[in-house]
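**Student:** Got a sequence here, can you model it:
(one chain, ligands or ions: 1)
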Amino acid sequence: MRLQERVAFVTGGGSGIGQAICRLFAAEGASVVTVDRYLERAQATAAQIEAAGGRALALYADVAQPDSVSAAAQTAQERLGPVDILVNNAAIAEGDDILTIDEATWDLNLAVALKSVYLCSRALLPGMLARRRGAIVNIASVNGLTGIGEEPYSAAKAGVINLTKNLAVRYGSQGVRANVICPGTIQTPIWQSRLDIDPTVFDRLAKWYPLGRVGQPDDVAKAALFLASDDAAWITGAVLNVDGGLMAGSYRMARDLAAAEG
Ligand SMILES: NC(=O)c1ccc[n+]([C@@H]2O[C@H](COP(=O)([O-])OP(=O)(O)OC[C@H]3O[C@@H](n4cnc5c(N)ncnc54)[C@H](O)[C@@H]3O)[C@@H](O)[C@H]2O)c1
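**Tutor:** Presented below is the predicted three-dimensional model:
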């Protein structure tokens, strides 16, 4: 068990990648705080963990709201003890071309995907620094690395990558590591609205990927486990693409996007 006697705080733990991370971390011995804007989703994840013999606490928080984050961080520490691992996973992806979105859409993407990393790190870092022990794993996206649309989301994810590097540099000497994962397409509920329009979307996108398929939540969870565990004791500030090779060479994606532009 790679996370025995660790407490992990995972945002967006009620669905998709966050849920897979919660389950895997619990299976590796961690006590998991699963945090979500929809408490019933967090509770469903916690119930799965408990049914498998693990330890979990479901909490409500809107990660874009400072008071909500502070309250969840405080409750988590009161109930389970000091937090060793923070996974900043919650995000939304809304809107595209900056000439077609409104300011509220821009602000919301930035708040949920980027400001949340500031708020949750601010809430939990002091405890990690006091114990000189902590691992932060941020979930960004390949969208943060290159221009493939979804501008507000992508800009937020680029910010997450840079913020991770700064956390790594600033706090490394005090025992806290920070790394960031950039997933490619992962089959989760975040895709539901696009799936409703095009039921073949994953088959179509799979062709962009050198490994010939889109990803599954566990593909990301396994990478997060590695970065959160002592196996990554000398890794900080790393940007780990979990993307089936997409960022190694994406000419198929570029060709399709160019064709769609006409
Ligand atoms: N699925 C993909 O293709 C993909 C690709 C790259 C990166 N990612 C990233 O992975 C992470 C997880 O995505 P997913 O696909 O599992 O999404 P998802 O929609 O399945 O799950 C996201 C969870 O976050 C919660 N959430 C949303 N806003 C919140 C808020 N303000 N406060 C608290 N919780 C909130 C939702 O309720 C949901 O349970 C996100 O950061 C996403 O950007 C996903």
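
**Student:** in its sheet, what does the top strand by length along the chain sit against?
**Tutor:** As assigned by DSSP state E, the longest strand anywhere in the chain is strand 176-183. Strand partners for strand 176-183, identified by DSSP bridges, are recorded as strand 134-139 (parallel), strand 239-242 (parallel).

**Student:** quick one: it near the ligand?
**Tutor:** Yes: using C-beta under 6 Å from any ligand atom, strand 176-183 comes into contact with the ligand via P183. Quick note: C-beta positions are derived from backbone N, CA and C, even for glycine.

**Student:** Follow the chain on from that strand and name the next helix or strand.
**Tutor:** Reading on from strand 176-183 to the C-terminus, the next helix or strand found by DSSP states H and E is helix 192-197.

**Student:** roughly how far apart are T200 and R194?
**Tutor:** 11 Å (C-beta to C-beta, to the nearest Å).

**Student:** Which of those two has more residues huddled nearby?
**Tutor:** More crowded of T200 and R194, by other C-beta atoms under 10 Å: R194, with 12 against 9.

**Student:** Next one: the more buried one from R204, what distance?
**Tutor:** Taking C-beta to C-beta, one finds R194 at 10 Å from R204.

**Student:** cool, Q65 as well?
**Tutor:** 37 Å.

**Student:** is the longest helix along the chain anywhere near the ligand?
**Tutor:** For the chain, the longest helix by residue count, based on DSSP state H, is helix 151-171. No: if you take C-beta under 6 Å from any ligand atom as the test, helix 151-171 misses the ligand, and the best it gets is 6.7 Å.

**Student:** Give me the distance between the longest strand of the chain and the centre of its chain.
**Tutor:** Its chain's C-alpha centre and that of strand 176-183 lie 9 Å apart, by C-alpha atoms, centre = their mean, to the nearest Å.

**Student:** if we can go back for a sec, which one's more surrounded, Q65 and R204?
**Tutor:** Set side by side, Q65 and R204 show more neighbours around Q65, with 17 against 11, by other C-beta under 10 Å.

**Student:** ok, the residue lying closest to that one once chain neighbours are set aside - contacts?
**Tutor:** Once flanking residues are discounted, Q65 sits nearest to L119: 7.9 Å by C-beta to C-beta, 6 or more residues apart in numbering. Listed by C-beta atoms under 8 Å, 6 or more residues apart in numbering, the contact partners of L119 are V63, A64, Q65, P66, V69.

**Student:** Tell me how many other residues surround I181.
**Tutor:** Neighbours of I181 (other C-beta under 10 Å): 28.

**Student:** unless I'm mixing things up, it is touching K222, no?
**Tutor:** No: I181 lies out of contact with K222 (C-beta atoms under 8 Å); the separation is 10.3 Å.

**Student:** Could you pick out the residues of this protein near the ligand for me?
**Tutor:** The chain comes close to the ligand at residues 11-12, 14-18, 36-38, 41, 61-64, 89-92, 112, 139, 141, 183, 185-186, 188-190, as judged by C-beta under 6 Å from any ligand atom.

**Student:** quick check: angle from the longest strand of the chain to helix 151-171?
**Tutor:** 150 degrees (axes from the mean of the first three to the mean of the last three C-alpha atoms, to 10 degrees).
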